[in-house]
Every structure is written in structure tokens, then in C-alpha cells.
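Enquirer: Could you look at this predicted model? Sequence included:
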Amino acid sequence: MKNIIRHRDSAYLAMVAPSAILLVIITIIPILATFYISLHFFNPTSTRQFGWVGWENYGYLLEDSRYLNSLRVMLWLIVIPVALQITLGMALAIALKEKLAGTSWMRVLFLLPAVIPPAVSGLVWKLFIVPGAGGVTYMGSLLGIDLQLDLLSSPNSALFVIIVCSTWVGTPFVALLFLSSLETISKDLYEAAHLDGAGWLQSHWSISIPIMRPVIMTVMVFRILEALAIFPIIFILTGGGPAGSTEPVNYYAYVSGFQYLKIDYAATIIVSFFVILMVFCAPFLIRIARAAR
Amino acid sequence: MKLSPSEKLLCYIVMVAFTIILIAPIAWLLSSSFKDQLGIFQSPPVLVTANPTLDNFKEVLGDKQFIAAFWNSMIIGVSTVIITMLFATPAAYGLSRMRSKAKVGLLSWVLLVRAAPGMVYIVPYFIAFNQIGLMDTKSGLVLINSVFTIPLAIWIMIAFFDAVPKEVEEAAHVDGATRIQTLLRVALPMAAPGVASTAILVFIFSWNEFLFALTMTRIDARTAAIAILDYMAFEGTAWGKVAAAGILILLPVLIFSIFIRKYLVQSAAGAVKE
Amino acid sequence: MFKKLTGVAVAVLIATTGPALAEKQFDGVKLRVLATKQAWSDTIEKLAAKFTEETGATVQFDQFSFGQAVQKITIELTTKSSAYDLVFVSGSDVAQYTPGGFLEPLSAHLGNRDIVKNDPNLADFIPATLRLFQDSDGEQYALPHFAATQIMFYNADKLKAAGFDKPPATWAELYDYCGKLASPGNPCTAMRGKPSVSENMWYYSQMMYGYGGRFFKDYPNDMTPTVNSAGAVEAAELYAKLLNDFGIPGSVSAGFDEVTVAMQQDNVSLVVEGAPLAGRILDAKLSKVIGKLGFALPPAGPKGRFAPFAAQGYAINAASKNKEAAAAFLAWSTSSETMKQVTLDSSFLAVTRKSVWDDAEFRKKHDYNYGHGSFAAAYEGTLQAGVEWYRLPFPEFKAIADRVGLALQEHVVGSKTAQQALDDANKDIITILKRASRL
């Protein structure tokens, strides 16, 4: 019997093999190459030749105030948007679940931000906040206030704009994911709670959220990964500025590599980024994969 | 469970408030796309301009470089879908049916690859593309897109193949069909809606890709999402054109996602179930 | 008789056009140019039909925004890609590319009459603009078409209304003027705040020099960075005050575009900005300040006046496969006739040839004399006062200036004091220099 299973699996393995081999070539090898480059000096604009420098680049990393700042920015851009997406998404899912009159079209609408090209999302928000000509000024004028805020000019408000945009992109889809999970929870559980005297919100607190905890964790991991990959929105809205206030690690890597051609240093930043990513996310991802079996 | 009126009100407030936040910026984009330069900087600004114009759309559609970029996006998107589905469909089916321990390892790996942001790969791809002449080519971008779309498609489709009843397949086996034949004649037709929606999702991913389209192109292979930057750069941002181009870029994905709205959440939900 | 004559005429026609039709010098060559979006490139691209007619080579311009273009050029050159034959370069970029051999030396091509039909007459160029594109041995790597400096554009009516009958002569005076010229909703000036060697540093460096600051202790002998000297800090503080107290909204990330539009639309009283932008500021169709402006030298600091100076041009990619045709095009596009034609067809006026500056038609079109002095005269005057070492010619300068630009922005937004920001920049510059084995 065991032999038969093995035999069957080998046939399936053959179907997986082409993708597996392709993925090794297009993912593992590049990652190893990046690490290799990070141990060398490599700046084509410099008169200094390509050559081995060992861990030197990593040493510079630790002294580089711009890098340390970009770590801090990355943390902000993960923690706040993801927390907002999860809480707002849950609130919206609970509200949507009731299927109140006149709300079904919202379910379709909620798909929108998730599929809009991120570059366009950036543009949408950039246009919305243009001082004088943007929707913010318009909404202010409706309330009789002259709102000419130049939000992208100061570090804190620029970071705020990025956080708003990133939350705007992610929240509706998180809500829909939570909704589909909420709808699988048996009605009986809520009825039972109701009989025990629990109110509507209370029963969601004591029933829905504990049941959905694994789903929440999973969604969170995926949202963190999305937040790490944030690039087009920053590229278009702020270019990492002002004064580096919206420049997370991957953006700094881009600037180092493509603006200053410090290829080696860009590679070093990327390796550090990849390590951070793996340390925090890999355990969760492996758990998710195991559960999907 | 019946809601009290005040609870209902709370629900409405939450939903309406968020819906306004959701729609407002997009409505503003739409409104601006019909304004001329004067209308855009009118003080105070208005939502519906007194002199609506189609000039922005005409100019964008008449811009050869933008149209070329738009077609590039189409061609790259379709090619990415074909390549991705060719690799991912058998892989997803195989993984769905596998029972041995290798499966968890493979799944974890697929998931890790899917998780890594594009920036992780950029340096070696950039160097390699310069060496082997893939810089500024559509095939180059298709290759890079596949790095992300193949794991994504595998991961999503596993759930769809899992849902195909095994009994039907057993019957096919008894009739002497090979594994590939079973996949093509039995499993694939039954999972067809899911597979099709995955293909559309792959297209959307490719259409939206920004980082590599920005760094690995000059003019020839440039995609629409990059070409739009032209309107932001020269002689002050031409907001009317930016808005019109933005609408044109999001139109295809909008139409597609309405087609697959049922599967969009289902496939993503499949990916998050535990 | 008539028949005979036409026969001769036809024969003559065939004799003159025949060989040319059959075989032009660069038939089939396709030149590709990596350019910034500017009036110059737009106009030259249109005029290039004439070059194609003469030589057979066609020319395609790929135009990007300034920042994107500069980034792409660095990448194309240093990866030795042959996709582009000609690339845009700033004078300060040459040092970045010549050590690696990324640019084609020009003198041999320009002296070869089989390639470049007419003598390019290099003596006609403003000498400093040529020198910016030479290496230490005097080899030429690009031909300049664009001579840049900054002048003061001021709205004479507004100054008069505030009680000033002449423009401010020093930075301190400029700040005092603004105190009178600005009111809520009416900023006094617009200035570049975007952190980059070609944006806020292009403005600030003259203030730093004017207050006695320098990038290095004794360039090129002692490369110890001194961007945090007392003079530099004083200049940075004044720069930030000027920007925050009297600048247009969005100054923190403004580039030359925002400044140009602010002046053009009459939103400010005065700006110190690139003289070449006069063509756009006074654009016949868009400008609201035609007839109101006066022009003056940029302000001075306590240690003197240091007018910015730079030049832009096109260079031949060393990896190009069409170097000869590229050289012919370069010479043609910067010839006196072509350059003059561009200025007449467009708002471009930053010419580099003395003969065009002296040309009556050019003077007439770009004189802009509204009773407060001639623009062309003010421009020519500042070009004389321009400092050739405004940007220093060594490969790491761009990264260093960008770093100072960032420090400046950090101070402007208030996240650091000027001293702190420049101290941090100085420290990072030491690292940059050490890595390049210059310290």
C-alpha cells in the first residue's frame, strides 16, 4: 500500500517539477546572487574596481543614519496600516454581514481599491490632496473652511498620507475576507449566546473573534507582506520625502541602487530586508502551508 | 439574531462613512478628468465642472507613446497569463493530490516565494537583463512577472482542485486515463471557473506591476502604469491628463474584477483559510 | 531649343541630386537620444528632419522627466548598453563618467572633416561651458547647448508698491524685502526645496559660498568636508527661514517647475531662478507678468556674490555603434545656425554660442526689456559672474551634494537644527569619501 502511494505521488511530483525547477532558477539563484554582491564593492561609477570586501557593507549599514531611519519608517508603515485594516475591516465585515437593505452593492464596491493599480492609487490620493485643487479643499469649502493644507510638505503629515492611502487600499478587501469567514460561522452559536443574554456586539466579541482568530492571523501576515512591498504609492506620492520621513527600507534600497548606482550597498540593504522578513514571517507562512495540507 | 434599531443605525453609520472615504478620491479623479486646466485650479474647487470637456481623454488617446504603453501592458499581461497557467495548473493539481511529506515543504516554499517583495530580486535581475539583452523587452517583464504570478496561481488553484471530488477521478483512473489526462478531462473542466478567475487575477497582477516596469524598461517595453508618469513631470503636473490616463488604466481591471467578483474573494479566502 | 534646354536641366538635376539620392553618408543609421523633456529637445527633434535630409541618418528622442532621465543615463552608460547613441549630460556629471571610459572622446571626430562636414568652430562657444565637459587633459566629452546661471526676476510694480525702487542686492536684504512684500495668502518668493544637487543645492550653494562656506577644506588638495562650517550653517538657517517664512506652499518639495509657474502666474514678487527659464516665465501664451518684470544679478552674501554656473550638453555613449553619425549630429545640433533656429522656434534661450548672443534677431526675441533693463544683458552679465567651480568635478560630488541637500530639507521641515543636520551630513560625506579612497 505504501508503495502505491509513493508511486502515485511521484506522478504528481512530475507535474510539480517544471514549476519547481523554474522557481529555483528565477527566485533562489537571484537571492543568492544578491548576497554574493553584498560581499563585494560594486559601484560602476566609481574608479574602484569590483572586488571582495567581506562584511564591510554590513558595517556601513549599522552606522548609516538614513538606513536606521528607514527601518523606523518601515515599522510605522507596517504597524499602523495593518492594525487599522484589521480593526476597520472587522467592523465593516460585521456590519456587512447583516445584509441590511441597500448595502449589497457595497460588497462589489469594496473590491475596487484592491484591484486598482497601486500607481493609480497613489495618483488618486495625490490629486485628492493637491492644495487648492484637490478634493480635500473641495470638502473643506462645502463646510465653509478654506482648507489649503500642504500635507506632503511636513514629515509627519506626509507619513500620515501614506498611511491613509495604504489603509484605504487594504481595508475593503480585508473586510470582504473577514465577511466570507464570518458567514461560515453557524447561526446556532449566536442563537445560543442570545439565549444566554448576550447582545449583538457582545456575541461577536465572544464568538466571532475567537473562532476567526486563525483567519485574522493569516490575513495579518499577508497584509504585513503587502505593507513591506509598498513602493509605487511612495514613489508617486512623496518619493520618500520630505527629509526621508516616508522612506522605508526597500525604497532606500531602490535609491541606493538606481540613483547612486551603489549596487553593492543596495544588495546589502536588500539582504537585511530579506532576513528581517523571513525571521518575522516565515514561521507563520510555514504554519499556514502546513494547515493547508 | 435580530438587530435593534440603534444597532442597525450603527451598522449604517460605519458602512456609509467608510463608503464615502472609499469613493471620494476616485470620484475626484473622475471629476478632474473632465476638467480643463482652468477648471482644475478653480477656487474654490467644484465637483462637477461647469465646462465639462473630453479634451483630456482625446489628448491621452492621441498620445502615441501612451497608447503604445497601453498595448505593451496588454501584451505583457496576456503573455504572463499564458506562461503562468501553463506552469501553475499542473503544479497546483499535483500539489493538491499529493500525500507525502514533500508537500508541506513545497507548499511552504511556494508561499515564501510568493511573499517576498519584488525589491528582493531587483539587483540580480537588473544585472542579468543587461547582460543577456532582456532590458526593455516585453519578454523580460513577462519573465519577472512570472516570479510572482506562478506561486500566486499555484497557491490559489490548489484550493479549487481540492474541491473537485476524488471519486470522479478514481473512475477515470479505472478507465485507464493517465494523470495528465485526468487533469485535462476531469479536474480542469470541474475547476474551470476557479481556474479562469485565477487567470484574470494573474492578468490584473501583471497589469498593475510597477517596480520592474519602472526599472527594466526604457521606452519600447514601457507599460501604461509607467507612461502615466510623463504627465506628472513636465511643466507642472497636467492633472486633467493624469486623471484621464488614470481612468483609462483602471478601466480594464475594473471590468475584469466585476466579472470575477464572486471568485475574487473566494480565491483569496481560499488562500487565507486555515 | 526649349526641348534641349529642359533636357540639359534634367541632366543637371540628375547630376546633382542623383548621387546624393543613391548614397547619403549615414543612410540607414538610426540615432537614438536619451533626453530630458525640455524646450531644446522638443525643438531639435522637429528640426532633425533637416539633418536626416542632409545625411540620411534618422534621429529618435526618448524624453524623460529630469530626475528619471538622469537616473536612466547613469544606468545606460555604466552598464555599457548600446541602446542610446547620444545622452544628455550636465557639466558636473562628466567626472562621474570619464574615469570609467563611458563617454566617447570627441576631438578626433570633430576634427575629421569626413565625419563632421563643417568646422564646429569651438572658439565660438562660451569658453567656460566647453571647459565643464573636459577632463584634466583637455579632452572634450560633450558639446554644450545650454548655459545655465541664476538671475533675480522681480516684479517691479510690486516692489514699487512696497516702497522699493531697486531690487535687493544681498541675501539679508532679500529677507527684509520679503517681510514687506509678503502678506497672508501672498507669498513673497518661490524657491527650490527638493533635495538634490540640481534642485535645492543649485540654489543654496551660492548662499553657502556667499557666507564663506565651502564643501571642502581646500579642494582638491585637502578633501576634509566642511559643509558644517559656521558660514554654511548661517546660510542654511537663512535659506530655511526664507523658504518657511516667505516661500510658496509646497516649497519643501518644489523643483524648478513650481518656481517657474509661481513667477509666471504672478503669485510671487521675486525669485532667484535659472535665467534660461525666462522663456517660460514670459511665455507669450501663459504668462501673467509680461511687461512687469525687472532682472538683476542674484544676491550676494557678506563674502561676495557667487552666481551659480552650469552647462548641459549631449555626449556620445562610448558603447554606441553609430559614433560617427552621432558626432555629425552633435556638431549639427550645436551649430550656430541650428542653435539660433531653436531659439527662434521655442522658448529656449540658454544658448552657449557667442555668435547667437550677438545675433540681432535673437536679441530682439529674448530682450524682454520692460523699462527695468534688458534681460539678455542681465543674463550675459551673470554668465560672466558665474563661478566655474560651482559644482566640483569629481565622481562622488553628486552623492555628496545630494546628501547636503537632504540635510537642508531636514532643517527646513524642522526635524533637525541646521547645525545638527549639517553635522550629520558631514559625517556621511566622510564615509562616502573613505569608500572612494579619497580620505
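Expert: Noted; the coordinates are in hand. Treat the numbers as computed from the prediction; the structure is a model and nothing was measured.

Enquirer: Any idea how many residues pack against the closest residue to C:A318 other than its chain neighbours?
Expert: Once flanking residues are discounted, C:A318 sits nearest to C:E104: 4.8 Å by Cβ to Cβ, 6 or more residues apart in numbering or on different chains. The C-beta positions use only the backbone N, C-alpha and C, and glycine is treated the same way. Applying other Cβ atoms under 10 Å in any protein chain shown, we find 21 residues neighbouring C:E104.

Enquirer: where along chain A do the strands fall?
Expert: Applying DSSP state E to chain A gives strands spanning A:40-41, A:51-52.

Enquirer: what does the first one rub up against?
Expert: Put plainly, it is strand A:40-41. The contact list for strand A:40-41, computed with Cβ atoms under 8 Å, 6 or more residues apart in numbering or on different chains, reads A:48-53, A:56, A:264, C:435.

Enquirer: Can you show me the strands along the stretch 151-300 of chain C?
Expert: C:216-218, C:222-225, C:270-274, C:293-296 (DSSP state E, counting those that start in this stretch).

Enquirer: Compare the ones you listed and give me the one nearest A:R107.
Expert: A:R107 lies closest to strand C:270-274 among the strands of the stretch 151-300 of chain C, at 52.3 Å (Cβ to Cβ).

Enquirer: Name the surrounding residues that touch the closest one.
Expert: For strand C:270-274, with Cβ under 8 Å, 6+ apart as the criterion, the contacting residues are C:148-155, C:158-159, C:167-168, C:174, C:177, C:181, C:188-191, C:202-203, C:256, C:259-260, C:262-263, C:281, C:298-299, C:350.

Enquirer: If we use 7 Å, what do you get?
Expert: C:148, C:150, C:152-155, C:167, C:189-190, C:203, C:256, C:259-260, C:263, C:298-299 (Cβ atoms under 7 Å, 6 or more residues apart in numbering or on different chains).

Enquirer: if we can go back for a sec, for the contacts of strand A:40-41, give me a markdown table that also has distance to B:A69 and pLDDT.
Expert: As requested, those are arranged in a markdown table below (distance: Cβ to Cβ, whole Å; pLDDT from 0 to 100):
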| residue | distance to B:A69 | pLDDT |
| --- | --- | --- |
| A:R48 | 38 | 78 |
| A:Q49 | 38 | 82 |
| A:F50 | 35 | 87 |
| A:G51 | 40 | 89 |
| A:W52 | 41 | 92 |
| A:V53 | 40 | 90 |
| A:E56 | 41 | 90 |
| A:D264 | 32 | 93 |
| C:R435 | 38 | 82 |
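
Enquirer: And C:S107, how far from C:D85?
Expert: 18 Å (Cβ to Cβ, to the nearest Å).

Enquirer: ok, those two, which is more surrounded?
Expert: Using other Cβ under 10 Å as the criterion, C:S107 and C:D85 rank with C:D85 on top: 28 against 13.

Enquirer: Report the separation between the more buried one and C:A318.
Expert: For C:D85 relative to C:A318 (Cβ to Cβ), the value is 11 Å.

Enquirer: repeat for B:T53
Expert: 48 Å.

Enquirer: The two: which has the busier surroundings?
Expert: A count of neighbours by other Cβ under 10 Å puts C:A318 above the other of B:T53 and C:A318, at 18 against 14.

Enquirer: can you pull the contacts of that one?
Expert: C:101-104.

Enquirer: repeat that with 10 Å
Expert: C:A318 makes contact with C:77, C:80, C:82, C:97-98, C:100-105, C:141, according to Cβ atoms under 10 Å, 6 or more residues apart in numbering or on different chains.

Enquirer: where in the stretch 151-293 of chain A is pLDDT low?
Expert: Applying pLDDT under 70 to the stretch 151-293 of chain A flags the ranges A:292-293.

Enquirer: Which parts of it are helices?
Expert: Using DSSP state H, counting those that start in this stretch, the helices found in the stretch 151-293 of chain A span residues A:155-182, A:187-195, A:200-203, A:209-228, A:232-237, A:249-254, A:263-291.

Enquirer: can you list the residues of the stretch 51-200 of chain C near chain A?
Expert: Proximity of the stretch 51-200 of chain C to chain A (Cβ under 10 Å from any Cβ of the partner chain) is limited to residues C:67, C:70-72, C:74-75, C:77-80, C:93, C:95-100, C:102, C:185, C:193-196.

Enquirer: what do you get for the stretch 301-439 of chain C?
Expert: Going by Cβ under 10 Å from any Cβ, the residues of the stretch 301-439 of chain C near chain A are C:394-396, C:398-399, C:402-403, C:406-416, C:421, C:424-425, C:427-428, C:431-432, C:434-438.

Enquirer: pLDDT weak spots in chain B?
Expert: B:1, B:233-236, B:267-274.

Enquirer: same thing with chain C?
Expert: Ranges of chain C meeting pLDDT under 70: C:1-22.

Enquirer: How about the residue in it that chain A sits nearest to, nearest residue that isn't a chain neighbour?
Expert: Proximity of chain C to chain A (Cβ to the nearest Cβ) peaks at C:T78, 3.6 Å away. Using Cβ to Cβ, 6+ apart and skipping the chain neighbours, the partner closest in space to C:T78 is A:P44 (3.6 Å).

Enquirer: now do C:D424
Expert: Ranked by Cβ to Cβ, 6+ apart and with sequence neighbours excluded, the top spatial neighbour of C:D424 is A:S65, at 6.0 Å.

Enquirer: before we move on, the earlier item: switch the helices of the stretch 151-293 of chain A over to a markdown table, and while doing so, append distance to A:K126 and mean neighbour count to every line.
Expert: Converted to a markdown table, those look like this (distance: least, Cβ to Cβ, whole Å; neighbours: other Cβ atoms under 10 Å in any protein chain shown):
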| stretch | distance to A:K126 | mean neighbour count |
| --- | --- | --- |
| helix A:155-182 | 9 | 22 |
| helix A:187-195 | 44 | 13 |
| helix A:200-203 | 38 | 16 |
| helix A:209-228 | 19 | 19 |
| helix A:232-237 | 5 | 23 |
| helix A:249-254 | 16 | 25 |
| helix A:263-291 | 26 | 20 |
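
Enquirer: now the ones you listed as CSV including distance to chain C?
Expert: Formatted as CSV, the helices of the stretch 151-293 of chain A follow (distance: least, Cβ to the nearest Cβ, whole Å):
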stretch, distance to chain C
helix A:155-182, 5
helix A:187-195, 51
helix A:200-203, 42
helix A:209-228, 23
helix A:232-237, 11
helix A:249-254, 10
helix A:263-291, 9
